[in-house]
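>>> Can you look at this prediction? I've put the sequence above it.
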Amino acid sequence: MSKMQSVLGHSEACCNIPPIISKGYKEKGTFETINGLKYYVTGSPDAKKAIIFVYDIFGYFPQTLQGADILASSPEGYQVLIPDFFEGEPANIAWYPPETDDQKAKLGGWFPSHGPPTGVAKIPKVLEDVQETYGKKTFGAVGFCWGGKVVSVTSGEDTPWKAVASTSPSMMDPEDAAKITIPTMCLPSMGEKPEMVDPWKKALKVDNFVERFDDQLHGWMSARADLEDERVKEEYKRGYRLFLEWFAKHL
């Protein structure tokens, strides 16, 4: 397990990270179908705390599954679940970044029927189905890019989450931030400019931690993470360590 110094004041034991696999990662969890929806499920099914992992637009990638397994490895004891919000229809990573007319057309055609509101609408049933299957849970959530918007929007009044975290968040809106009622962590990349992030952070009225990763691409903790690059690998690991510290403190 890799050891890193705590920045949030929590003990090292909570947050040590398994070795990061750069290529050929074999997931530790399983794919399950719960009431007709596919999930990636990792960690103890008997855990009283669960983290709903809201992926990016590219769905299930090895870097994403490894991230879920890292969260599930914590001695704090989390079950981590990645619902297939896109129901087998993720965006093609070859469309991003959308630079050519063809890429723009394909991503633009996909997005209207797969926008964040579709994810937000699925959350209540996801939580109901998870608890019917595995028992009562206290929930946190992590959001990646597209998922960051879903998590932000569902963190207001009557939120089902006790604490949340996001990275490379898409469509940052200070109006969303002002409504958040629970502890919130955000790890923006170089793709989220200060003029997007700063008003969002300023609008927060809750315990929060925001740290920019200015040398990392949008999506460096999920599908777009090039873990064969040592710097990306190091920051991927550090990002997940921060997530674990946050949930050890707040979940």
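Done, it's in.

>>> For the residue lying closest to Asp207 once chain neighbours are set aside, which residues are in contact?
Using C-beta to C-beta, 6 or more residues apart in numbering and skipping the chain neighbours, the partner closest in space to Asp207 is Pro183 (4.4 Å). C-beta: built from backbone N, CA, C; applies to glycine. Applying C-beta atoms under 8 Å, 6 or more residues apart in numbering to Pro183 gives the contacts 163-164, 206-208, 246, 249-250.

>>> rerun at 7 Å
163, 206-208, 250 (C-beta atoms under 7 Å, 6 or more residues apart in numbering).

>>> Ranking by neighbours, what's the top pick from those?
Ranked by the number of neighbours (other C-beta atoms under 10 Å), the contacts of Pro183 place Ala163 first, at 24 neighbours.

>>> What does the pLDDT read for the nearest residue to that one once chain neighbours are set aside?
Residue nearest to Ala163 in three dimensions, not counting chain neighbours: His250, with 3.6 Å by C-beta to C-beta, 6+ apart. At His250, the model reports a pLDDT of 98.

>>> Mark which of the contacts of Pro183 are part of helices, please.
When those are checked against helices (DSSP state H), the matches are His250.

>>> With distance to Phe139 as extra columns, can I get the contacts of Pro183 in CSV?
Converted to CSV, those look like this (distance: C-beta to C-beta, whole Å):
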residue, distance to Phe139
Ala163, 9
Val206, 17
Asp207, 17
Asn208, 19
His250, 12
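
>>> Go through the contacts of Pro183 and say which is closest to Lys125.
The shortest gap between Lys125 and any of the contacts of Pro183 belongs to Ala163, at 21.6 Å (C-beta to C-beta).

>>> Quick check: that closest one touching Phe247?
Yes. Counting by C-beta atoms under 7 Å, Ala163 touches Phe247, with 6.2 Å between them.

>>> any shared contact partners between those two?
Counting by C-beta under 7 Å, 6+ apart, the common neighbours of Ala163 and Phe247 are Gly140.

>>> Okay, buried residues for stretch 89-104 please.
Neighbour-count burial for stretch 89-104, counted by 16 or more other C-beta atoms under 10 Å, picks out 90-91, 95-96.

>>> Repeat that for stretch 188-196.
Residues of stretch 188-196 classed as buried by neighbour count (16+ other C-beta under 10 Å): 188-189, 191-192, 196.

>>> and it, average pLDDT?
pLDDT averaged over stretch 188-196 gives 97.

>>> Residues touching it, excluding its own?
Taking C-beta under 7 Å, 6+ apart as the rule, stretch 188-196 contacts 168-169, 172, 197, 212-218, 220.

>>> Greatest separation within the residues you listed: which pair is it?
Met172 and Asp215 (19.5 Å).

>>> between these two, which one's more packed in?
Of the pair Met172 and Asp215, Met172 is the one with more neighbours under other C-beta under 10 Å, namely 23 against 11.

>>> Now the more buried one. Its backbone dihedrals?
Here is the backbone geometry of Met172 (degrees, to the nearest 10): phi -70, psi 130.

>>> Would you confirm that it contacts Lys201?
No. Counting by C-beta under 7 Å, Met172 does not reach Lys201; the two are 9.3 Å apart.
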